[in-house]
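J.: need a 3D model of the sequence below.
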Amino acid sequence: MKFSKFGQKFIQPTGISQLMDDLGDALKSDKPVNMLGGGNPARIEAVNELFLETYQALGSDGSFNNSEETNSTATSSMANYSNPQGDAAFIDALVGFFNRHYDWDLTAENIALTNGSQNAFFYLFNLFGGAFSDNELDAGGQSVDKSILLPLAPEYIGYSDVHVEGQHFMAVLPHIDEVTHDGEEGFFKYRVDFEALENLTELKEKRIGAICCSRPTNPTGNVLTDEEMAHLAEIAKRYDVPLIIDNAYGMPFPNIIYSDVTLSWDDNTILCFSLSKIGLPGVRTGIIVAAPEVIEAVSAMNAVVNLSPTRFGASIATPLMKNDAIKDLSDNDIKPFYQQQAKTAVALLKKELGNYPLSIHKPEGAIFLWLWFKGLPITTLELYEILKDKGTLIVPSEYFFPGIDVSDYKHAHECIRMSIAADEDTLEKGIAVIGEVVRGLYDKAK
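T.: Residues are numbered from 1 along each chain as shown. Got it, this is the predicted structure:
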């Protein structure tokens, strides 16, 4: 069969499709696989218990006192469409939650739901990136294609291929600072290179449609400081483009963030949240907080692409948002769990590779560690294949630099993303395999 240009784009091999295929194959494998590659959240007992209780309550008429209103709530998540903006009860609960904790003065016109945050970024990146109409001109008076500016690469693997036509990204390489962590050497941290950012010709020529960053960053666990975020917000306003913040791992849920930072919003900011990393990846529920004109556009796209967003996740999360249980769960169970997982994984890595050229990005949040093997004799894409053959999945760094030609950027071929969401036994076994292979590569190259 012959596919259109649109179809041809999406059937090409991509980093995200390879990652998801490998994860699916691993789950079907009859051999044990150390799953250190995906973004699936951990199975945390307190999280599972709360969601199970809420799910059971939704399906139990008695738990809702048999009232007509609450019985309809229990069944409507599967029996009825919402409007294209999303489940109204959940949106109202979100408005109350955010205004209660942040005093943002939101209304229902500021929130839309999507079928997961990947769906949200497909919408947003195509709204603000790509070909613009003839009345949108660059500094030279020409119609223009606009890019999404990523102020700090590496960035999320799933961004790279969401544009309907072509790839419209511009990215800035980071400053890399050597730092200590918990009093130990062997760590580094990425920081935004604002001098390079401010000097971008694309910004000055109005060829940027939006600025986007994740916080904490997937893949590195980096957390941009409040000062960095304020500077990005100022640049976005100066050039009249929105600042999009991917908050899938951030405050206030799932709150997998260890540094002392705050969360801000204004009508030039688009905040994106998800229910995935609190433990509900399968319900595919994304949340966009933005100015009403953005919400109207997203809702219109929902109508065409999905008719309406799924309501099941919204129904589970609504009562937990109303009584703040979702915040308590994030603060008291989810964040401490991953913070301990990071400590465990760092200790295991130091044990396996403490005398080798390993540097770890300072763990500040998210559910990954980002490992830099300085001077690695092979690329981490090749390392990925070796580890996969040995039953251990990680993700190589080459896929995490959308908008950058990494052919001559050695650092982009020396890092891996390693999930810390697995149980301790899997972490031990997987890191032991990584250690054995990497030690062998360095030793052979001596």
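
J.: ok, the closest residue to Leu275 other than its chain neighbours to Met20 distance?
T.: Residue nearest to Leu275 in three dimensions, not counting chain neighbours: Thr285, with 4.2 Å by C-beta to C-beta, 6 or more residues apart in numbering. All C-beta spots, glycine's among them, are computed from the backbone N, C-alpha and C. As judged by C-beta to C-beta, to the nearest Å, Thr285 and Met20 stand 19 Å apart.

J.: can you list the residues that contact stretch 99-112?
T.: Here stretch 99-112 makes contact (C-beta atoms under 8 Å, 6 or more residues apart in numbering) with 85-86, 88, 91-92, 94-95, 98, 252, 263, 265, 287-292, 295, 298-299, 302, 324, 327.

J.: end to end on that stretch, go ahead and measure it.
T.: 16 Å (C-alpha to C-alpha, to the nearest Å).

J.: with stretch 203-222 instead?
T.: End-to-end distance for stretch 203-222: 24 Å, by C-alpha to C-alpha.

J.: how distant is that stretch from the center of its chain?
T.: Distance of stretch 203-222 from the chain centroid (C-alpha atoms, centre = their mean, to the nearest Å) equals 12 Å.

J.: now stretch 354-362
T.: Per C-alpha atoms, centre = their mean, the centroid offset for stretch 354-362 relative to its chain is 24 Å.

J.: ok, stretch 168-175 next?
T.: With C-alpha atoms, centre = their mean, you get 17 Å for stretch 168-175.

J.: please identify the buried residues of it?
T.: Neighbour-count burial for stretch 168-175 flags His168, Phe169, Met170, Ala171, Val172, Leu173, Pro174 (criterion: 16 or more other C-beta atoms under 10 Å).

J.: dump the residues you listed into a markdown table; add pLDDT, secondary structure and distance to Ala342 as well.
T.: Shown next, in a markdown table, are these (pLDDT from 0 to 100; DSSP: H, G, I helix; E, B strand; the rest coil; distance: C-beta to C-beta, whole Å):
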| residue | pLDDT | secondary structure | distance to Ala342 |
| --- | --- | --- | --- |
| His168 | 88 | coil | 34 |
| Phe169 | 94 | strand | 29 |
| Met170 | 94 | strand | 31 |
| Ala171 | 96 | strand | 26 |
| Val172 | 96 | coil | 27 |
| Leu173 | 96 | coil | 25 |
| Pro174 | 97 | coil | 20 |
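
J.: in the stretch 201-350 of the chain, which spans are strands?
T.: For the stretch 201-350 of the chain, the strands defined by DSSP state E, counting those that start in this stretch occupy 208-214, 243-246, 269-274, 286-289.

J.: any chance of CSV for the ones you listed, columns mean neighbour count?
T.: Formatted as CSV, the strands of the stretch 201-350 of the chain follow (neighbours: other C-beta atoms under 10 Å):
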stretch, mean neighbour count
strand 208-214, 24
strand 243-246, 26
strand 269-274, 23
strand 286-289, 25
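
J.: let me know which of those strands is the nearest to Pro357.
T.: Each of these has some distance to Pro357 by C-beta to C-beta; the shortest is strand 208-214, at 27.3 Å.

J.: between that closest one and strand 269-274, how many degrees?
T.: Orientation note: strand 208-214 sits at an angle of 40 degrees relative to strand 269-274 (axes from the mean of the first three to the mean of the last three C-alpha atoms, to 10 degrees).

J.: immediately after the helix or strand of the chain with the lowest mean pLDDT, which helix or strand?
T.: Ranked by mean pLDDT, DSSP states H and E, the weakest helix or strand in the chain is helix 68-79, scoring a mean of 55. Of the helices and strands lying after helix 68-79 in sequence (DSSP states H and E), the nearest is helix 88-102.

J.: that next one: which residues count as buried?
T.: Ala89, Phe90, Ile91, Asp92, Ala93, Leu94, Val95, Phe97, Phe98.

J.: let me see the domain layout of the protein.
T.: 5-45+332-445, 82-328 (automatic domain parsing).

J.: out of those domains, nearest to Gln56?
T.: Of the domains of the chain, nearest to Gln56 by C-beta to C-beta is domain 82-328, at 10.6 Å.

J.: run the chain-centre distance for that closest one.
T.: 9 Å.

J.: ok, now which ones touch the residue nearest to Gly129 when sequence neighbours are not counted?
T.: Excluding its sequence neighbours, the residue lying closest to Gly129 (C-beta to C-beta, 6+ apart) is His168, at 3.9 Å. Contacts for His168 were tallied using C-beta under 8 Å, 6+ apart; they are Phe125, Gly129, Gly130, Asp145, Lys146, Ser147, Ile148, Gly209.

J.: out of those residues, which is nearest to Gly7?
T.: Of the contacts of His168, the one sitting nearest to Gly7 (C-beta to C-beta) turns out to be Gly130, at 17.5 Å.

J.: neighbours around that closest one, how many?
T.: When neighbours are defined as other C-beta atoms under 10 Å, Gly130 has 18 of them.

J.: just checking, Lys356 touches Gly440?
T.: Quick fix: residue 356 is Tyr, not Lys. No - using C-beta atoms under 8 Å, Tyr356 is not in contact with Gly440; the gap is 10.6 Å.

J.: more neighbours, these two?
T.: Tyr356 (16 against 11).

J.: out of the contacts of His168, list just those in strands.
T.: Counting by DSSP state E, the contacts of His168 place Gly130, Asp145, Lys146, Ser147, Ile148, Gly209 in strands.

J.: from Phe10, how far off is the nearest residue to Phe121 once chain neighbours are set aside?
T.: Spatial nearest neighbour of Phe121, chain neighbours left out: Val162 (5.7 Å); criterion: C-beta to C-beta, 6+ apart. From Val162 across to Phe10, the span is 10 Å (C-beta to C-beta).

J.: more neighbours: which of those two?
T.: Neighbour count, other C-beta under 10 Å: between Val162 and Phe10, Val162 has more, with 23 against 13.

J.: wait, a helix at the more buried one?
T.: No - under DSSP: H, G, I helix; E, B strand; the rest coil, Val162 falls outside any helix and is assigned coil.

J.: quick check: the two most widely separated of the ones in strands among the contacts of His168?
T.: Pairwise over the ones in strands among the contacts of His168, using C-beta to C-beta, the maximum falls at Asp145 and Ile148, 11.4 Å.

J.: looking at the two, which one has more neighbours?
T.: Neighbour totals were compared for Asp145 and Ile148, and Ile148 leads with 29 against 14 (other C-beta under 10 Å).

J.: hey, what's the more buried one bridged with?
T.: The partner list for Ile148 in beta bridges (DSSP bridges) reads Phe169, Ala210.
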